[in-house]
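Peer 1: all I have is the shape, not the residue letters:
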Ligand SMILES: C[S@@+](CC[C@H](N)C(=O)[O-])C[C@H]1O[C@@H](n2cnc3c(N)ncnc32)[C@H](O)[C@@H]1O
C-alpha cells in the first residue's frame, strides 16, 4: 500500500485532535456539573483555590484544568501557576445566559455514547429509537443546546421577520408550538406577548412534564402531550415548530394537520437546522455537528414513528419546502437565519379574490416569477416604521403572479429601478410576492424607490 506521507500526517493530526476533543467532552460535562467553569470565570485561581471554592479534590481539579488548558477552553499562566478564563471562554463555557453558550451541546453527549449499542442494533434492523428511549435525559441536553439561540433571536429577529405576525401577537393571537420539547420557545413567546394564548405540544410526556414544571406563573401558557399529526384545536393564528419537523415520522401528515388547524390567514413558522440542499453544501463544521446528531437522535426518532420518512437534520430548504407543499402549504419563503437555524415562513394559499383579478387586468402585463403556482394576493399589515409627518400611511401591495421570494423580488425590482436591496424589500415583504409599502417622501426613500421599480417592472400595485 502506497501512503502519501503528507496526507497521512494531516489525517493523523486531525484524528489526534478528535480523540482529545471526544475524550475531553465528558470533562466539559463534568466541569459544568461541578461548577468548575463558573467558579473559574469569577477570577484567576490556582488548582487548589478552585478546588476549595467548589468543594472538590485538588489533584483531580489540577488534572481537569490541565486538560481544559490544553484544549484552549481555559487559560494558563505558568509564572504563578494560575488558571483563568478570557471573556470569550466565559461566554462559551460559564455563562448560561450568553448568546454563545455552548455547554448545553456537550450535555447531550453522555446519552449518545451510552445509547450507542442500541443504535448499532437499529442500524442492523432498520428500526428506530423513540425520543423517550434515550438515557441520561438526552432531551435536557437538546433543550440546553437550543436555548441560547432562541433567547438571542426568537423575539428580536425571527418573529419580526414574519409578515404581520408580531402585530397579531401584540393584539392577541392563538398560538401552538408543536414539538415544543421542554417548552423554552413557547415560554419565551408567552412571556413576550401576554395578550396571546400559547399551547406547547409534544408527543414525549417526559418533555411535557419538564415544560410544565417551568411554567411558574405564566398564565397565557399551557402544555399538552399530543402528536403533531393529530393534536386537538383549530383557528390558530400562528403555529411554530422549532427543530422538530425533521424528527417526525410523518412530517407531511404533520404539515397537513397544521395547515388544517391554522386560520385562513395564519402562519406556520418553521425553524429547522441550517443546511444547504446537498451533502456537498453541508461538509462544514455546522453540518458535521448536525449529521452526527441526526444519526444518533433525529433519524432514529423519525424511523421509530408511523411512515418513518427519515428526513434527517440536514434535509435543506428545498426538501423541507417540498414536504410543506405536500402538506398543503403553497406560500413558503425563508424569513431569517442564524448559524444553527433557518427560519421558514409558510402560509395557506387562498382563492383568488375579485379585487385581485381586477387589479391584474388594470395593470397590464403581470410578472411571472418561478415558484409555486399560487396566484393569490396576500394583504399584510403595514411594516412598523416611523410614520412620515403629514402623510397618511396607505399600504401599497405589490403583487406577482407567482410566489416570488424576497431575493427574487429584490433582483427583479433592482433590475428595474436600481438601488432596491433585499433588506429594503424584507422590511415590507410577506410571502407570495406581496409587499405592503408606505409612500415615502417622494425622493430617495427606499419605499418610493421600491414603488418606482415595481411600476417599471409591471408589478400590480393594489390599494
Ligand atoms: C430536537 S427536539 C426540539 C424540541 C424543542 N422544540 C426545542 O427546540 O428545544 C424535537 C422534538 O420533537 C418531538 N417530536 C418528535 N416527533 C413528534 C411527533 N410526531 N409529534 C409531536 N412531537 C414530536 C420530540 O419529542 C422532541 O421534543
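Peer 2: That came in fine, so what should we check first? Since the model is a prediction, treat every value here as computed from it, not as a measurement.

Peer 1: CA only for contacts and neighbour counts going forward, please
Peer 2: Will do.

Peer 1: contacts only, for the closest residue to residue 122 other than its chain neighbours.
Peer 2: The shortest distance from residue 122 to any residue other than its chain neighbours is 6.0 Å, reached at residue 128 (C-alpha to C-alpha, 6 or more residues apart in numbering). Residues in contact with residue 128, defined by C-alpha atoms under 8 Å, 6 or more residues apart in numbering, are 122, 299, 300, 301, 302, 303, 304, 305.

Peer 1: cutoff 7 Å now
Peer 2: Residue 128 is in contact with 122, 300, 301, 303, 304, counting by C-alpha atoms under 7 Å, 6 or more residues apart in numbering.

Peer 1: from residue 13, how far off is it?
Peer 2: 35 Å (C-alpha to C-alpha, to the nearest Å).

Peer 1: same question, residue 206
Peer 2: From residue 206 over to residue 13 the distance is 42 Å, taken as C-alpha to C-alpha.

Peer 1: so which of these two has more stuff around it?
Peer 2: Neighbours per residue, other C-alpha atoms under 10 Å: of residue 206 and residue 13, the larger number sits with residue 206, 17 against 11.

Peer 1: and the helix or strand encompassing residue 207, what's its mean pLDDT?
Peer 2: Residue 207 is located in helix 205-213, with elements delineated by DSSP states H and E. The predicted model assigns helix 205-213 a mean pLDDT of 95.

Peer 1: list the helices and strands that helix packs on?
Peer 2: Secondary-structure packing of helix 205-213 (3 or more C-alpha pairs under 7 Å, 6 or more residues apart in numbering; DSSP states H and E): strand 221-225.

Peer 1: the next helix or strand after the strand it packs on near the ligand at all?
Peer 2: Counting by DSSP H and E, the next helix or strand C-terminal to strand 221-225 is strand 236-242. Yes. Under the criterion of C-alpha under 6 Å from any ligand atom, strand 236-242 makes contact with the ligand via residue 242.

Peer 1: run the chain-centre distance for strand 236-242.
Peer 2: 13 Å (C-alpha atoms, centre = their mean, to the nearest Å).

Peer 1: let me see the backbone angles for the residue nearest to residue 122.
Peer 2: phi -100, psi -180 (degrees, to the nearest 10).

Peer 1: same deal with residue 86?
Peer 2: For residue 86, the backbone dihedrals are phi -70, psi 170 (criterion: degrees, to the nearest 10).

Peer 1: residue 69 versus that one, what's the distance?
Peer 2: 12 Å.

Peer 1: so what touches the helix holding residue 207?
Peer 2: Residues from elsewhere that reach helix 205-213, judged by C-alpha under 7 Å, 6+ apart: 181, 182, 183, 202, 223, 224, 225.

Peer 1: who does the fifth one bridge with?
Peer 2: Beta-bridge pairing of residue 223, defined through DSSP bridges, involves residue 200.

Peer 1: biggest separation within the contacts of residue 128, which pair?
Peer 2: 122 and 301 (10.9 Å; C-alpha to C-alpha).

Peer 1: more neighbours: these two, which one.
Peer 2: More neighbours sit around residue 301 than around the other of residue 122 and residue 301, counting by other C-alpha under 10 Å; the figures are 26 against 16.

Peer 1: specify the local secondary structure of the more buried one.
Peer 2: The local conformation at residue 301, judged by DSSP: H, G, I helix; E, B strand; the rest coil, is helix.

Peer 1: name the nearest residue to it, ignoring sequence neighbours.
Peer 2: residue 130 (4.9 Å).

Peer 1: burial measure for that neighbour, as a count.
Peer 2: Applying other C-alpha under 10 Å, I find that residue 130 has 17 neighbouring residues.
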